[in-house]
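# What would the 3D arrangement of this be:
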Amino acid sequence: MHTHRDVAGNAGSAMPGIAFTGCELLGAAQAQAQAAAPGKARTKPAGRRREVVVAGRRVKTIDVHAHCVIPEALDLLGLKLEDQRGPGLGEVGERRIREMDEQGIDVEALSINPQWYGAGRDVAEKVIQIQNEKLAGFCATYPERFVAFASVALQFPDLAVQQLVHGVKKLGLRGAAVGASVAGAEFSDPRFHPFWAKAEELGILIFIHPQSTPQLASRFKGNGWLANTIGNPLDTTIALSHLIFEGTLDRFPGLKICSAHGGGFLPSYAPRSDNCLRVAPEMDTGVKLKKKPTEYLRDMYYDTLVFTSEALRHLAAEVGSSRLVIGTDHPIPWQSESVDHILNAPGFSDEERIAMLGGTAARLLGIRL
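This next block holds a predicted model:
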């Protein structure tokens, strides 16, 4: 049986130069309405820190999917901080940690969604320098609560390699966060091979977060926030499918890749990928894979940002529970009950729950349990 309890904890003080926002631009009124929606977040007394215990064992919970922005870097890109809407914006330390405490999240791995893939080399280089240094500084201020993914300018793969090495080796960042494509180019393009090779060599985690599917922008218009609701998981689905079918994962078998939002739609309809070239052999481009497409799903990692116990069960059935890690999308409240999502889903053993809550992420990110 699994149990959890709350104990007192402390929040830190704010640090300038970093602001927290969601995974998409979002109007303030909409964000606040979402945050206050019934059933979205269960508040606990101020100053209380929820600790999670499974089978009598205190479990360190680790969230791999949490966002922020760096105002100074936004300025260089001609973007405004006030357009980066989302709960928690501007209340950097105390509110962020208080919300983590309420949710039962011990450690967040921070990432910045790439808005710089269209920037020139000089601007991109400066943006990444600022972001990675600010992220490293923030994590050093709260070393028990935060780690971070490096930003990289993938439109210049040679520069991205340098930024990755510097971020990991010099700044102590735990991996890299990337989009699901780079200004329309797929990650399976050979020009990105040097980046994948270096990531494999360093043994670090690459966190893939989608940027909608821009080519379908006209079809996403209308009600339902479809650019995010559908566009984000679709973007990830396309990215992972190319990495599989173009042989990138065969070329770099040691890659550690984690996808946001449960891997998009791919795990939900994965067996179709095993049958496509049997049905249409004329579409085979000559890339010979070493195993069935669905088998590659078990070589990657996925956050648990799916919305029902059945969705979590199915995701685990397709990719393996050992490949799942908490993802909250904090501070946008897509999943503010992420700990209970894992604790309450039927069919998992205590050891599986412990791994999903933090054990697997700790190993991937070099976090001491």
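# just checking, residue 80 touches residue 74?
Yes. Contact between residue 80 and residue 74 holds when scored by CB atoms under 8 Å: they sit 6.9 Å apart. (C-beta placed from N, C-alpha, C; glycine too.)
# The two: which has the busier surroundings?
Higher neighbour count among residue 80 and residue 74: residue 74, with 22 against 10, using other CB atoms under 10 Å.
# secondary structure class for that one?
With DSSP: H, G, I helix; E, B strand; the rest coil as the basis, residue 74 sits in helix.
# Name all residues that make contact with it.
Each residue near residue 74 by CB atoms under 8 Å, 6 or more residues apart in numbering is listed here: 80-81, 84, 115.
# Check it and give its pLDDT.
The model reports residue 74 with a pLDDT of 93.
# In terms of pLDDT, where does residue 278 sit?
What the model reports for residue 278 is a pLDDT of 89.
# which residues does it contact?
Residues near residue 278 by CB under 8 Å, 6+ apart: none.
# Which strand or helix spans it?
Counting by DSSP states H and E, the element that carries residue 278 is helix 271-279.
# And the average pLDDT for whichever strand or helix holds residue 351 is what?
When secondary structure is defined using DSSP H and E, the element that contains residue 351 is helix 350-354. Over the span of helix 350-354, the pLDDT mean works out to 98.
# Just name whatever secondary elements it is in contact with.
strand 48-54, strand 57-59 (3 or more CB pairs under 8 Å, 6 or more residues apart in numbering; DSSP states H and E).
# what does that helix contact?
1-2, 54-55, 57, 59, 316, 321-322, 342-343.
# Buried among the contacts of residue 74? Need that as a selection in ChimeraX.
Buried members of these, identified by 16 or more other CB atoms under 10 Å, are gathered into one ChimeraX selection as follows:
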select :81,84,115
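# count of residues packed around the nearest residue to residue 366 once chain neighbours are set aside?
In space, not counting the residues next to it along the chain, residue 366 is nearest to residue 174; the distance is 6.0 Å by CB to CB, 6 or more residues apart in numbering. Here the neighbour count serves as a burial measure; for residue 174 (other CB under 10 Å) it reads 22.
# next one: phi and psi at residue 174?
The main-chain torsion angles of residue 174 are listed as degrees, to the nearest 10 and equal phi -100, psi 0.
# what separates it from residue 300, distance-wise?
Here residue 174 is placed at a distance of 17 Å from residue 300 (CB to CB, to the nearest Å).
# what's the answer for residue 202, then?
Spatial separation of residue 202 from residue 300 under the definition CB to CB is 17 Å.
# neighbour count winner among the two?
For residue 202 and residue 300, the more surrounded residue by other CB under 10 Å is residue 300, and the numbers stand at 22 against 16.
# Quick check: which element contains the closest residue to that one other than its chain neighbours?
Using CB to CB, 6+ apart and skipping the chain neighbours, the partner closest in space to residue 300 is residue 257 (4.7 Å). Following DSSP H and E, one finds residue 257 within strand 256-259.
# that older thread, who are the contact partners of the residue nearest to residue 366?
Counting by CB under 8 Å, 6+ apart, the residues that residue 174 touches are 109, 147-149, 168, 204-205, 365-367.
# And those, which is closest to residue 358?
Minimum separation from residue 358 among the contacts of residue 174 (CB to CB) is found for residue 367, which lies at 7.9 Å.
# Assumed that closest one was part of a helix.
No. Inclusion of residue 367 in a helix is not indicated when three-state DSSP is applied; the result is coil.
# Next one: it from residue 132, what distance?
According to CB to CB, residue 367 and residue 132 sit 19 Å apart.
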